[in-house]
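Asks: here's a sequence, model it:
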Amino acid sequence: MSRELSTPDETLAKAAILFCQKTHRTFPGTVVEAVDGHYSDEDLTVEIQVPPELDQQHVSDELIRIALAVEDQYGVTIVTHTIMAKPTEA
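Replies: The predicted structure is shown next:
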């Protein structure tokens with residue numbers, strides 16, 4: 001895939017949007033949030049809340065694949081961290 005050419009902020013924004021779109025399409029019900037604290041060699045760190053009915057390890061593995069595809073397209077570094085979402089009370 002070819003990389004997009006634009007300013008660093010625009011590129012990061014496009015990458016973040018694409019990552020979120022692919023994540024929600026693949027795993028409906030997930031919640032994606034940016035994490036403020038990240039290492040200097042990372043462009044974006046995201047925490048993904050996984051619904052209880054999904055297997056966290058499977059989701060984590062697939063999110064790494066999604067992140068790598070977006071990284072290749074936009075030339076950014078995305079770090080993912082999955083946590084189990086708390087069950088909602090009825």
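Asks: C-terminal to the one helix or strand His24 maps to, which secondary structure element comes first?
Replies: Under the criterion of DSSP states H and E, His24 resides in helix 8-26. Reading on from helix 8-26 to the C-terminus, the next helix or strand found by DSSP H and E is strand 31-34.
Asks: which elements pack onto that following strand?
Replies: Judged by 3 or more C-beta pairs under 8 Å, 6 or more residues apart in numbering; DSSP states H and E, the packing partners of strand 31-34 are helix 8-26, strand 44-50. Using the backbone N, CA and C atoms, a C-beta is placed for each residue, glycine as well.
Asks: just how off-centre is the helix holding His24 within its chain?
Replies: Centre-to-centre, helix 8-26 and its host chain are 8 Å apart (C-alpha atoms, centre = their mean, to the nearest Å).
Asks: before we move on, what about stretch 62-75?
Replies: Taking the mean of its C-alpha atoms, stretch 62-75 sits 9 Å from the chain's own mean (C-alpha atoms, centre = their mean).
Asks: also stretch 24-31?
Replies: From the chain centre to the centre of stretch 24-31 is a distance of 11 Å (C-alpha atoms, centre = their mean).
Asks: in the chain, where is pLDDT below threshold?
Replies: Low-confidence regions of the chain, defined here as pLDDT under 70, cover residues 1-6, 38-39, 89-90.
Asks: now with 50, please.
Replies: 1, 4 (pLDDT under 50).
Asks: residues touching Ala34, list them.
Replies: With contact set as C-beta atoms under 8 Å, 6 or more residues apart in numbering, Ala34 has these partners: 16, 44-47.
Asks: cool, Leu18 as well?
Replies: Leu18 makes contact with 70, 73-74, according to C-beta under 8 Å, 6+ apart.
Asks: with Pro51 instead?
Replies: Taking C-beta under 8 Å, 6+ apart as the test, what Pro51 contacts is 27, 29-30, 85.
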